[in-house]
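**Student:** Structure, please.
(one chain, ligands or ions: 1)
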Amino acid sequence: IRDADIVIIGSGFSGAVIAERCSTELGLKSVILDRRAHAGGNSYSEIDPDTGIEVHKYGAHLFHTSNSEVWSYINRFTEFTDYKHRVLSAYQDKIYAMPINLLTISQFFGKFMTPESAMALIAEQRGEMAGKTPRNLEEKAISLIGRPLYEAFIRGYTMKQWQTDPRDLPENIITRLPVRTDFNTRYFEDRFEGLPVNGYAAIFERMLASDKIEVVLDTDFFDLRSQIEAMGKLVFYTGPLDRFYDYRFGALGWRTVDFERDVIGTKDFQGAPVINYADEDIPYTRILEFRHMHPERNYQTEKTVIFREYSRAAESKDEPYYPIGRSVDKDRYDQYRALAAAEENVVFGGRLGTYRYLDMHQAIGAALSIFDRTIKPRLTQPEQVS
Ligand code: FDA
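**Tutor:** Numbering: from 1, shown residues only. I've put the predicted structure just below:
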């Protein structure tokens, strides 16, 4: 740390981009601390020991972006497969295409619909909320897509995600529920999409390969904080914002996900990478089957590995995954942000450091821009001569 030009907390995409830019563009040294036993943050993937199938340890990570700067940047460290994500939703023993599109609507109402007839039907079903102001999530969803589609695809799923009846959730959790009027069943609509040919861990190995970057694992920043601060080092911090200030304004709320891993003695368990479960009485929200994310690998194992996902509010020992963003969180966040903005030697970034859900391409894009706007000018200032 003594020799480093910058100390980076967190080795996810946010921290890795800053370290890579500092070494490649500026020739400067960074030390990255991560409290986990591996680099890569939540995007990390590894080979499942029982099946040889690559699993995304912290949930399905699909790479997609329309940002050509981010796409060309990440392509320096990996090639991508031509994987295109698709999702299905099971409801009452039937299976439907997601997000809601003309195929879903035709399947659900049991007849072949045209864009026009489907939209006319939904307009009629939304009519129940005509002229009324939605007071909760349920009413908002019905005002957008009508009651039958809401009750099938949104109600139970939302209930499981938030463990709260949608009638007791604020209407502003959703602003839109996209309904496609064509038969496009692709999940993402971005210009670029794929999965890293050799997995996510390999991306981080390449991003952090320079001898100007030292990665120190199993190390919590808060155990070394006073030493680092005493050295006056520039710090790029991507850990939780509230923890940096010892929760003085209260903890920011997050949802977490529990993953239940299961190895099954069959070659193909569900025939698809992700199936959502919309029924309220099925406790998990979805099942991931990782073998289907890399069909080009043609895995020969006769077993398959699946993750069942269960969603709930995070407690202090849990991994924070999705910001809840209640009004109390927003007030707390504003207070923390005011302190953060006044820090001289600390720059905050990443999803935990800014209390925002960021997709990988957004985390990379934000880190590239923080590097250009904030880190690079700070590290390349001419030395003050006293
Ligand atoms: P990230 O969380 O990856 O890294 C932060 C790092 O800081 C961690 O390694 C942590 O251990 C470390 N750290 C924290 N506190 C510390 C401390 N005190 N000391 C030392 N180290 C500390 N995106 C996408 O594009 N497509 C997708 O399909 C998905 N899917 C998805 C599923 C789920 C369940 C989640 C929760 C998220 C996604 N994402 C996603 C989002 C993706 O995970 C996200 O964009 C990146 O993880 C962001 O990278 P960061 O570096 O900002 O944080």
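
**Student:** Around the residue in the stretch 101-250 of the chain positioned nearest to the ligand, how many other residues sit close by?
**Tutor:** Proximity of the stretch 101-250 of the chain to the ligand (CB to the nearest ligand atom) peaks at residue 239, 2.9 Å away. For the C-beta atoms, the positions are set from N, CA and C on the backbone; glycine is no exception. Counted with other CB atoms under 10 Å, the neighbours of residue 239 add up to 20.

**Student:** Isn't it up against residue 351?
**Tutor:** No - judged on CB atoms under 8 Å, residue 239 makes no contact with residue 351 at a distance of 10.4 Å.

**Student:** who in the stretch 1-150 of the chain is up against the ligand?
**Tutor:** Proximity of the stretch 1-150 of the chain to the ligand (CB under 6 Å from any ligand atom) is limited to residues 9-15, 33-36, 41-43, 58-63.

**Student:** Which of these fall within helices?
**Tutor:** Secondary structure from DSSP state H places 13, 14, 15 of these in helices.

**Student:** Output the residues you listed as a markdown table; include the columns neighbour count and pLDDT.
**Tutor:** What follows is those, written out as a markdown table (neighbours: other CB atoms under 10 Å; pLDDT from 0 to 100):
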| residue | neighbour count | pLDDT |
| --- | --- | --- |
| 13 | 30 | 98 |
| 14 | 29 | 98 |
| 15 | 32 | 98 |
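
**Student:** Kindly indicate which of the residues you listed lies nearest the ligand.
**Tutor:** residue 14 (3.4 Å).

**Student:** For residue 168, report the pLDDT, please.
**Tutor:** According to the prediction, residue 168 has pLDDT 89.

**Student:** Quick check: it vs residue 352, distance?
**Tutor:** Residue 168 is 28 Å from residue 352, where distance means CB to CB, to the nearest Å.

**Student:** and what of residue 279?
**Tutor:** From residue 279 over to residue 352 (counting by CB to CB), the distance is 33 Å.

**Student:** These two: who's more crowded?
**Tutor:** residue 352 (27 against 16).

**Student:** wait, isn't the more buried one in contact with residue 240?
**Tutor:** Yes - counting by CB under 8 Å, residue 352 does reach residue 240; the two are 4.6 Å apart.

**Student:** what sits in contact with each of the two?
**Tutor:** residue 320 (CB atoms under 8 Å, 6 or more residues apart in numbering).

**Student:** can you give me the end-to-end distance of stretch 65-76?
**Tutor:** 15 Å (CA to CA, to the nearest Å).

**Student:** Next: stretch 74-81.
**Tutor:** End-to-end distance (CA to CA), stretch 74-81: 13 Å.

**Student:** Just the mean pLDDT for it, thanks.
**Tutor:** 98.

**Student:** Stretch 351-368 now?
**Tutor:** The model assigns stretch 351-368 a mean pLDDT of 97.

**Student:** Likewise for stretch 139-150?
**Tutor:** 95.

**Student:** Quick one: end-to-end length of that stretch, please.
**Tutor:** Start-to-end, stretch 139-150 (CA to CA) is 10 Å.

**Student:** Which positions in it come out as buried?
**Tutor:** 139, 140, 141, 142, 143, 144, 145, 146, 149, 150 (16 or more other CB atoms under 10 Å).

**Student:** so which two of those residues are the farthest from each other?
**Tutor:** 139 and 149 (14.4 Å; CB to CB).

**Student:** on that earlier part again, which one of the buried residues of stretch 139-150 sits closest to residue 128?
**Tutor:** residue 142 (6.2 Å).

**Student:** list the contacts for that closest one?
**Tutor:** 126, 128, 129, 134, 150.

**Student:** Next one: it relative to residue 135, how far apart?
**Tutor:** 11 Å.

**Student:** next one: residue 216
**Tutor:** Distance from residue 216 to residue 135, by CB to CB: 51 Å.

**Student:** So which of the two has more stuff around it?
**Tutor:** Counted by other CB under 10 Å, residue 216 and residue 135 do not tie: residue 216 has more neighbours, with 14 against 11.

**Student:** and residue 252, helix, strand or coil?
**Tutor:** coil (DSSP: H, G, I helix; E, B strand; the rest coil).

**Student:** List the contacts of it.
**Tutor:** Counting by CB under 8 Å, 6+ apart, residue 252 has contacts 240, 241, 242, 323, 329, 332, 333, 336, 355.

**Student:** From what I see, the last one and residue 333 are in contact.
**Tutor:** Okay, so that is residue 355. Yes - when contacts are counted by CB under 8 Å, residue 355 is listed as touching residue 333 (5.1 Å).

**Student:** residues shared between the contacts of those two?
**Tutor:** Contacts common to residue 355 and residue 333, judged by CB under 8 Å, 6+ apart, are 241, 252.

**Student:** Quick check, residue 52 in contact with residue 299.
**Tutor:** Yes - between residue 52 and residue 299 a contact is recorded at 6.6 Å, counting by CB under 8 Å.
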